[in-house]
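Enquirer: for reference, the sequence and a predicted model appear below.
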Amino acid sequence: MEPRNLLKLSAKMKAQGINDFALLVSPTELIDLIRDPAFIDASSYGSNKSIKEGEIGSIFGIRIFSNTKVTGNRIIVISRDLQIDSEEKEFNPSRRYNSFVY
């Protein structure tokens, strides 16, 4: 995913009042994110920011996690503020989810 698309996604989420969310990405997508100059490795956070279990890093303030069960160029958005609807196939800002595939 291109960085400008992450910024658009972030703006869309925040416009819906969802400020605390993270991305679960495929290993392939992770490689692309790590190469981006805006990516911050979790090991360089310092003591000011806690690292969640499995957190790889962040980009534009969005925490990044990776898992081999996520395939291709899929990105799953996860948040406590979302409510799940397993029938929904794409993000609909009028609904709430626990996660959705972007």
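Expert: Sure thing, it's come through. Numbers count the residues shown, from 1 in each chain.
Enquirer: which residues are in contact with the residue positioned nearest the centre of the chain?
Expert: In the chain, the centroid-proximal residue (C-alpha atoms, centre = their mean) is residue 23; its distance is 1.8 Å. With contact set as C-beta atoms under 8 Å, 6 or more residues apart in numbering, residue 23 has these partners: 6, 62-65, 75-78. From N, CA and C alone the C-beta is placed, and that goes for glycine too.
Enquirer: helix/strand/coil for it?
Expert: Secondary structure, DSSP: H, G, I helix; E, B strand; the rest coil: residue 23 is strand.
Enquirer: now residue 71
Expert: coil.
Enquirer: tell me the predicted confidence for it.
Expert: Residue 71 is assigned 83 on the pLDDT scale.
Enquirer: can you select the buried ones from the contacts of residue 23 in PyMOL?
Expert: Selection of buried members from the contacts of residue 23 for PyMOL, criterion 16 or more other C-beta atoms under 10 Å:
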select buried, resi 6+62+63+64+65+75+76+77
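Enquirer: sort out which of the contacts of residue 23 are in helices and list them.
Expert: residue 6 (DSSP state H).
Enquirer: tabulate the contacts of residue 23 (JSON lines), appending pLDDT and distance to residue 18.
Expert: Below are the contacts of residue 23 laid out as JSON lines (pLDDT from 0 to 100; distance: C-beta to C-beta, whole Å):
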{"residue": "6", "pLDDT": "86", "distance to residue 18": "14"}
{"residue": "62", "pLDDT": "89", "distance to residue 18": "11"}
{"residue": "63", "pLDDT": "89", "distance to residue 18": "13"}
{"residue": "64", "pLDDT": "91", "distance to residue 18": "17"}
{"residue": "65", "pLDDT": "89", "distance to residue 18": "17"}
{"residue": "75", "pLDDT": "80", "distance to residue 18": "15"}
{"residue": "76", "pLDDT": "82", "distance to residue 18": "14"}
{"residue": "77", "pLDDT": "82", "distance to residue 18": "9"}
{"residue": "78", "pLDDT": "82", "distance to residue 18": "11"}
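Enquirer: which of the contacts of residue 23 sits closest to residue 51?
Expert: residue 63 (9.0 Å; C-beta to C-beta).
Enquirer: tell me the bridge partners for the residue nearest to the centre of the chain.
Expert: Listed beta-bridge partners, residue 23: residue 64, residue 77 (assigned using DSSP bridges).
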